[in-house]
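Peer 1: Make a model of this:
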Amino acid sequence: MKLSLTEIADRKRLGEKLVMVTAYDHPGARLADAAGVDLILVGDSAADNVLGYSSTVPVTVDELLVLVRAVTRGAERALVIGDMPFGSYQVSDETAVANAVRFVKEAAADAVKVEGAGPILSRVQALLGAGIPVMGHLGLTPQSATMLGGFKAQGRTAAKARQLLADARALEAAGCFAVVLEAVPAAVARRITESLTIPTIGIGAGPGCDGQVLVWHDLLGLSDRKPARFVKRYANVGGEIKRALEQYATEVRAGAFPADEHTYSIPTDELELFAKTTEEPEHAEQRDA
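Peer 2: Residues are numbered from 1 along each chain as shown. As a prediction, the model looks like this:
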């Protein structure tokens, strides 16, 4: 049974933490679902984790739709959120609705996520008016990282912390069902969380949020990049994959793979018939002579 928005809201009221991860394909979605993850974000982080871009900015709606479709086919319980990429909602309310409709109609996303507040508030209201649930995102917003001075923690002065709180309240008032807080001081994130009736999902925002999210490749050790301060690696899957590939390559080159147990047989009489009926003409003449 798919987790509902009402159940997500109830988690905050009951003090039960929400678990969110990013995922980008069908196997990942099935694993996350089986592990009991509550929300799966098909993030624009696919740009640099899956598609080979240097940042999230170049990824397109069409590229993300392929990934969202794969994830929604694998997630039976977890709520799937499509991350709207840069340029897909900033231009106008109409553009935002048109692109968000594609996430829901073509890829079966349960909700979408947008970054920022201010002018984005009208986008949130327009999306809700079209019947599309919206998750907000404040703090370090990667799509506008250049304007924020790079990938740095946000809200580290009283004035900026007050602005984050005001923006979070504005997103709640606009109708967001949850807000991601990224790279925000833990004390500030806790204050924002206490101030809202909707859940906060932290990433580098301390334990006081109502839930947590990490990027798939970061938490599983699939990336060879230096992880951010807030990342905890729960496995070294990348290292295990590399070890397995190296062993495979070694065995192939040595002729050790495939072994007998990896091959199929054919009855002797059928093999003899096959050999006889596929002999080259000159070989058959030599045998008859």
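
Peer 1: give me phi/psi at Val114?
Peer 2: phi -130, psi 160 (degrees, to the nearest 10).

Peer 1: repeat for Tyr24
Peer 2: The phi/psi pair for Tyr24 (degrees, to the nearest 10) reads phi -130, psi 0.

Peer 1: Now that it has come up, it's in contact with Val42, right?
Peer 2: Yes. Counting by Cβ atoms under 8 Å, Tyr24 touches Val42, with 6.3 Å between them. In this view, the C-beta of every residue, glycine as well, is placed from N, C-alpha and C.

Peer 1: Which one of those two is surrounded by more residues?
Peer 2: Between Tyr24 and Val42, counted using other Cβ atoms under 10 Å, the more crowded position is Val42 (31 against 25).

Peer 1: which ones are touching the residue lying closest to that one once chain neighbours are set aside?
Peer 2: Leaving aside its chain neighbours, Val42 sits nearest to Val68 (4.6 Å; criterion: Cβ to Cβ, 6 or more residues apart in numbering). Applying Cβ atoms under 8 Å, 6 or more residues apart in numbering, we find Val68 in contact with Val42, Val80, Gly82, Phe103, Ala107, Ala108, Ala109.

Peer 1: Which of those residues fall in strands?
Peer 2: Val42, Val80, Gly82 (DSSP state E).

Peer 1: which residues in the stretch 151-289 of the chain form helices?
Peer 2: Taking DSSP state H, counting those that start in this stretch to define them, one finds helices in the stretch 151-289 of the chain at 158-174, 186-195, 216-219, 237-254, 268-277, 281-288.

Peer 1: list the helices and strands the shortest one packs on?
Peer 2: Pointing back at helix 216-219 there. strand 18-22 (3 or more Cβ pairs under 8 Å, 6 or more residues apart in numbering; DSSP states H and E).

Peer 1: in the strand it packs on, what's buried?
Peer 2: Across strand 18-22, burial judged by 16 or more other Cβ atoms under 10 Å covers Leu18, Val19, Met20, Val21, Thr22.

Peer 1: Output it as CSV, nothing but the C-alphas.
Peer 2: This file holds the C-alpha atoms of strand 18-22, laid out as CSV (Å, rounded to 0.1, in the frame of the first residue of the first chain):
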residue,chain,number,x,y,z
LEU,A,18,10.8,9.8,8.1
VAL,A,19,13.4,8.1,6.0
MET,A,20,14.1,9.4,2.5
VAL,A,21,16.8,8.4,-0.1
THR,A,22,17.5,9.3,-3.6
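
Peer 1: Would you mind getting the angle between it and strand 79-83?
Peer 2: 50 degrees (axes from the mean of the first three to the mean of the last three Cα atoms, to 10 degrees).

Peer 1: neighbouring contacts of strand 18-22?
Peer 2: Residues from elsewhere that reach strand 18-22 (Cβ under 8 Å, 6+ apart): 8, 11-12, 32, 36-43, 45-46, 49, 178, 199, 201, 210-216, 219.

Peer 1: Whichever of those end up buried, select them in PyMOL.
Peer 2: Buried residues among the contacts of strand 18-22 (16+ other Cβ under 10 Å), as a PyMOL selection:
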select buried, resi 8+11+12+32+37+38+39+40+41+42+43+45+46+49+178+199+201+210+211+212+213+214+215+216+219
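
Peer 1: Filter the contacts of strand 18-22 down to the ones in strands?
Peer 2: Among those, the members found in strands (DSSP E) are Leu39, Ile40, Leu41, Val42, Ala178, Ile201, Gly211, Gln212, Val213, Leu214.

Peer 1: thinking Tyr248 is in contact with Phe257, fair?
Peer 2: Yes. Contact status for Tyr248 versus Phe257: in contact at 6.9 Å, counting by Cβ under 8 Å.

Peer 1: just to revisit the earlier point, pLDDT averaged over the one helix or strand the residue nearest to Val42 maps to - what is it?
Peer 2: Here Val68 is covered by helix 61-74, with elements defined by DSSP states H and E. For helix 61-74, the mean pLDDT works out to 98.
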